[in-house]
Every structure is written in structure tokens, then in C-alpha cells.
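Colleague: please find the sequence and the predicted model below.
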Amino acid sequence: MKYISTRGRVEPLRFKQAVMMGLATDGGLLLPEHIPSISQDTIIRWQDLGYQDLACEIMGLFIDDIPRATIKQLIKRSYATFDTTEITPIINTGKEYILELFHGPTLAFKDIALQFLGNIFSILLEEQHSCMNILGATSGDTGSAAIYGVRGKKNINIFILHPKGRVSPVQALQMTTVPDKNVFNIAVEGTFDDCQNIVKEIFNDLDFKARYRLGSINSINWARILAQIVYYVYATLKLVSTTRAERVNFSVPTGNFGDIFAGFLARRMITPLIDRLILATNENNILTRFVLEGKYSRGGVVPTISPSMDIQVASNFERYLYYLYDQQPEKVRNAMEGFHAGGEIVFSQEERSQIRRDFASTSVNQEETLATIRETYQDSGYVIDPHTAVGVAGARRLKARILEGPVVCLATAHPAKFPDAVRRAIGREPKQPKSMRGLEKKATRCKDMPADTALVKKYIMENAL
């Protein structure tokens with residue numbers, strides 16, 4: 001399997017090269033040359049596999065330069081820190097199915113990919129007798145998951161930018177209380193989009209990137225998308241087997257388009273079994289406007305109780321654009337350059353029809369989010385976080401109109417990460433997991449900084465390996 005750029009100006013790469021490159025050197029995002037289509041016989045064989053064995057089967061289709069035995073060891077090591085052997089258990093609340101993706105060390109779905117990516121980086125650097133400085137931006141959960149994926153690893157330093165005061169207190173503490181000397185937190189005075197723009201500008205400085213051996217852990221890194229494909233296939237096979245349904249739907253709370261893009265690829269792999277993908281947004285609804293209006297246009301960021309989705313420029317949108325444009329890289333390049341200059345991409349009627357075939361979408365405001373947390377708790381005693389609630393509300397709104405068969409709502413974070421929102425909804429805070437107890441008493445390490453690319457570069461130069 002070779003990897004290509006959405007903008008078409010990178011020679012095809014092997015998997016190891018793609019992982020280490022992160023953002024393509026032509027400014028695009030890396031994708032596999034083709035998406036495997038899974039036969040019915042293989043689907044039947046996969047149905048009885050546990051999560052880790054299924055992950056090995058799926059990842060093996062996309063990785064041909066790492067031995068299968070090594071892939072299996074990587075997967076085992078990556079999920080050894082999870083608090084359940086199921087890795088991503090499915091809960092039936094009576095109205096919908098909840099796919100719990102928060103059983104890793106930082107209690108968020110990002111652990112599923114970033115524990116895996118951290119271990120890949122480690123073995124590749126050891127092979128190459130090299131070192132790496134990881135640079136990433138976070139709207140909340142990516143940062144802590146990335147830090148926990150590489151903390152204490154030799155030959156790796158990690159620099160994480162987060163928008164100061166715009167992540168939850170728990171999310172900030174999970175990042176800034178890690179004492180390992182290879183961890184550097186930067187609180188940027190601005191929005192997540194400011195953080196992401198700084199990261200992209202730095203990666204696009206190819207001389208700087210090469211000199212300081214920069215690597216990416218954001219969802220621009222293909223390995224993260226690959227790891228997330230697994231839980232869509234896993235949940236689909238489990239529900240098809242247990243409910244005898246012919247097809248399964250997914251509702252995905254998203255701001256950066258990475259999680260739902262993994263679902264888009266999973267559907268291409270097992271097309272007969274996945275029906276609709278619901279793209280659920282909060283008030284920062286650039287993606288919902290894209291689906292419903294056929295226009296991708298930048299707006300202002302609204303702070304909400306689901307802060308990980310407070311995004312206006314979706315990092316993974318370009319990957320979907322590549323498929324929407326029939327895999328024409330020059331068309332993608334022109335569209336993204338036009339968006340960077342003018343803040344808007346307008347789609348044709350034919351393209352709009354295709355978008356609506358690929359996704360259903362709805363936007364959920366904060367009052368509806370709180371109401372959904374409350375209703376779910378009253379109906380089933382089950383507590384969900386505000387991001388998961390956006391996905392659940394979206395599924396309930398659209399189910400009667402467009403959906404047949406079971407609906408799986410992705411639970412992207414443990415509710416204890418957002419105690420204020422949960423308390424507003426149900427009158428009490430959720431039970432705190434053991435890993436979170438005493439966080440507020442720990443010492444923190446963080447550098448406050450204006451949204452200035454030059455200053456971030458200077459800080460990296462001073463602290464890089």
C-alpha cells in the first residue's frame with residue numbers, strides 16, 4: 001500500500017514514511033492510494049474477532065512495511081492501558097446504542113489512536129537511531145491523549161498548543177500536570193483555529209520542519225484515521241450479529257472532521273453494512289452548513305459547553321474533498337488555496353447531492369445539549385458528556401425522518417471530564433474515575449504565549465531535541 005497527497009505533488013510513500021511525514025510536504029494530507037473493499041467471506045470471518053485481533057486485520061490491509069507480528073505487538077501494547085478488555089464497549093440505553101470510546105488513560109476517544117501512534121513513533125525512531133519533536137494543537141482531548149501516548153519516551157519531545165481558557169479545566173489539568181521532562185505545553189491567547197494555523201504554518205516551513213525533525217500527532221497524521229476506522233467496523237459487526245439488523249447508522253459529534261471521516265472510510269470498506277453517517281455539530285456549525293447548504297465558509301468561533309468542537313476550520317475536510325472531487329488533486333489544491341484566501345468554497349448542485357448522500361447533518365445548541373444529557377439520565381440512568389449529547393440529540397432529531405435500523409452514537413469522552421455541564425443538566429457531577437482524582441492538587445507546567453508563529457518557533461528551537 002502506497003500513500004499519496006490530496007494535492008498530488010508528493011511521490012507515493014510507504015506507511016512508515018507517511019507516518020513520519022505527518023502533513024504532506026506539498027501542504028496536503030496523506031491518503032492510501034486505494035481503500036480496500038472487504039468481501040462477505042472476510043466479514044463473516046471477522047465477526048467473532050475481539051477488538052485487538054480485528055484491529056490487526058484492518059491495519060494489516062494498510063501497512064505492508066511493518067511485519068504483522070510487530071503490528072500485533074503494537075496493538076497489544078497500545079491498549080494495555082485501557083480499563084476494559086473490550087476496548088470500545090457498546091451500551092444499549094433503550095433508545096440508541098452508545099459506543100464508549102473513553103476507556104483509555106485520558107478518558108477520551110483520542111487515546112484509541114494516540115496510544116497506537118505514540119508506540120509507532122517509538123519503534124520507528126529506534127529503528128532509525130533518530131529523534132523527533134512532536135508538534136500539535138488541541139481543542140481539548142487530543143493534547144492530553146498525545147502527551148500520554150509519548151510521555152517519558154526517549155528520543156521524543158512533544159509540544160502541544162491549546163487555546164488558553166477555552167478547554168475545560170479537567171482537560172487543561174490532564175495536559176499541564178504531566179511532569180515528564182519531554183512534555184511542553186503552550187497556552188495560546190486565541191482560539192483553537194489560531195493554534196492550528198500556527199502548527200500548519202510551522203509544518204509548511206519545510207526547512208524548519210526538517211532541521212528540528214518535527215512530527216505530527218494531530219489528525220492530519222494518517223495513522224490516527226486508520227486506528228479510528230477499527231471501532232466503526234467493530235461496532236457494526238457486533239450489532240449486525242446481535243440484532244440481526246442489515247445495516248447500522250452512526251451519529252458522530254465532530255468539529256475537525258477526523259472522526260467522521262474514519263467512518264466514511266469504514267463505510268467504503270464494508271459498504272453493505274453501514275447506512276447513514278450523521279454529522280452532528282454544536283453552534284460552531286461550519287460542517288453542518290457545508291452539508292445542508294453546499295457551502296464551506298469560515299465564521300467566528302463560539303465558546304460552548306462542548307469545547308472540543310469549537311472549531312471553524314476542520315483539519316480533515318480536505319481528505320473528504322479529495323473524494324468529492326473524484327480524486328483530482330489539482331482541483332483540491334485550487335479549492336483549498338481559494339479557501340485560504342477568501343474563506344469560502346461553494347459546491348455545484350451535483351456535488352451538493354453527493355454530499356447529502358454521504359452525510360446527514362444537524363446542529364445542536366447548548367440548551368438542547370443539556371436537555372439531552374438530562375433526558376438520557378432520566379430515561380436510563382446513563383450519564384453522557386456534552387459532546388456525546390450533541391451526537392445523541394442529532395440522532396434523535398433525524399431518526400424518524402431518515403434512519404432505519406440501529407443507531408450508534410459515539411461517546412467521545414467520559415462525562416467526568418465536563419463536570420460543570422453535567423451538573424447543570426442533572427443536578428450533580430458524575431462519578432470521578434480514579435485516574436482523575438487529585439488532579440487539581442498537582443503542580444502544573446505551561447508556557448503562556450500570544451498567537452504568534454515566530455514566538456512558538458523560538459520556543460521550539462530553545463527546547464527541541
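Modeller: Great, that's in hand.
Colleague: switch to C-alpha atoms for all contacts and neighbour counts from now on
Modeller: Fine.
Colleague: low-scoring stretches of the stretch 201-350 of the chain, by residue?
Modeller: Judged against pLDDT under 70, the stretch 201-350 of the chain has no low-scoring part.
Colleague: need the strands for it, in chain order.
Modeller: Along the stretch 201-350 of the chain, counting by DSSP state E, counting those that start in this stretch, strands occupy 214-216, 248-253, 274-281, 295-297, 344-346.
Colleague: given the last one, what are its sheet partners and their directions?
Modeller: In the sheet, strand 344-346 lines up against strand 295-297 (antiparallel) (DSSP bridges).
Colleague: check the offset of the partner strand from the chain's centre.
Modeller: Taking Cα atoms, centre = their mean, to the nearest Å, one finds strand 295-297 lying 21 Å from the centre of the chain it belongs to.
Colleague: coming back round to it: mean neighbour count added to the strands of the stretch 201-350 of the chain, as TSV?
Modeller: Below are the strands of the stretch 201-350 of the chain laid out as TSV (neighbours: other Cα atoms under 10 Å):
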stretch	mean neighbour count
strand 214-216	25
strand 248-253	28
strand 274-281	26
strand 295-297	19
strand 344-346	16
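Colleague: in TSV: the ones you listed, plus distance to residue 415.
Modeller: Shown next, in TSV, are the strands of the stretch 201-350 of the chain (distance: least, Cα to Cα, whole Å):
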stretch	distance to residue 415
strand 214-216	28
strand 248-253	14
strand 274-281	18
strand 295-297	31
strand 344-346	35
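Colleague: contacts for stretch 58-73, please.
Modeller: 1, 14, 15, 16, 32, 36, 52, 53, 56, 226, 227, 230 (Cα atoms under 8 Å, 6 or more residues apart in numbering).
Colleague: now those residues as JSON lines including secondary structure?
Modeller: Below are the contacts of stretch 58-73 laid out as JSON lines (DSSP: H, G, I helix; E, B strand; the rest coil):
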{"residue": "1", "secondary structure": "coil"}
{"residue": "14", "secondary structure": "coil"}
{"residue": "15", "secondary structure": "helix"}
{"residue": "16", "secondary structure": "helix"}
{"residue": "32", "secondary structure": "strand"}
{"residue": "36", "secondary structure": "coil"}
{"residue": "52", "secondary structure": "helix"}
{"residue": "53", "secondary structure": "helix"}
{"residue": "56", "secondary structure": "helix"}
{"residue": "226", "secondary structure": "helix"}
{"residue": "227", "secondary structure": "helix"}
{"residue": "230", "secondary structure": "helix"}
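Colleague: pick the one among these closest to residue 135.
Modeller: Nearest to residue 135, judged by Cα to Cα, of the contacts of stretch 58-73 is residue 16 at 18.1 Å.
Colleague: and the gap between that closest one and residue 127?
Modeller: 11 Å (Cα to Cα, to the nearest Å).
Colleague: how about the helices in the stretch 201-350 of the chain?
Modeller: Assigned by DSSP state H, counting those that start in this stretch, the stretch 201-350 of the chain shows helices spanning 206-211, 222-243, 258-269, 286-293, 317-324, 329-342, 349-358.
Colleague: am I right that residue 38 falls within a helix?
Modeller: No: secondary structure of residue 38 (three-state DSSP): coil, not part of a helix.
Colleague: mind listing what it touches?
Modeller: Residue 38 neighbours (Cα under 8 Å, 6+ apart): 269, 270.
Colleague: same thing with residue 27?
Modeller: Listed by Cα under 8 Å, 6+ apart, the contact set of residue 27 reads 7, 204.
Colleague: and it, which helix or strand is it part of?
Modeller: Following DSSP states H and E, there is no helix or strand that holds residue 27.
Colleague: could you measure from it over to residue 43?
Modeller: Residue 27 is 36 Å from residue 43, by Cα to Cα.
Colleague: what's the burial count for the residue nearest to residue 328 when sequence neighbours are not counted?
Modeller: Spatial nearest neighbour of residue 328, chain neighbours left out: residue 322 (6.6 Å); criterion: Cα to Cα, 6 or more residues apart in numbering. Number of residues near residue 322 (other Cα atoms under 10 Å) recorded here: 21.
Colleague: next helix or strand past the strand or helix carrying residue 147?
Modeller: If you go by DSSP H and E, residue 147 is part of helix 141-150. Helices and strands here follow DSSP H and E; after helix 141-150, the next one along the chain is strand 156-163.
Colleague: tell me what angle the helix or strand just after that following strand forms with strand 156-163.
Modeller: Heading C-terminal from strand 156-163, the first helix or strand you meet, by DSSP H and E, is helix 169-176. Angle, helix 169-176 to strand 156-163, by axes from the mean of the first three to the mean of the last three Cα atoms, to 10 degrees: 150 degrees.
Colleague: tell me the average confidence for helix 169-176?
Modeller: Here helix 169-176 scores 94 as its mean pLDDT.
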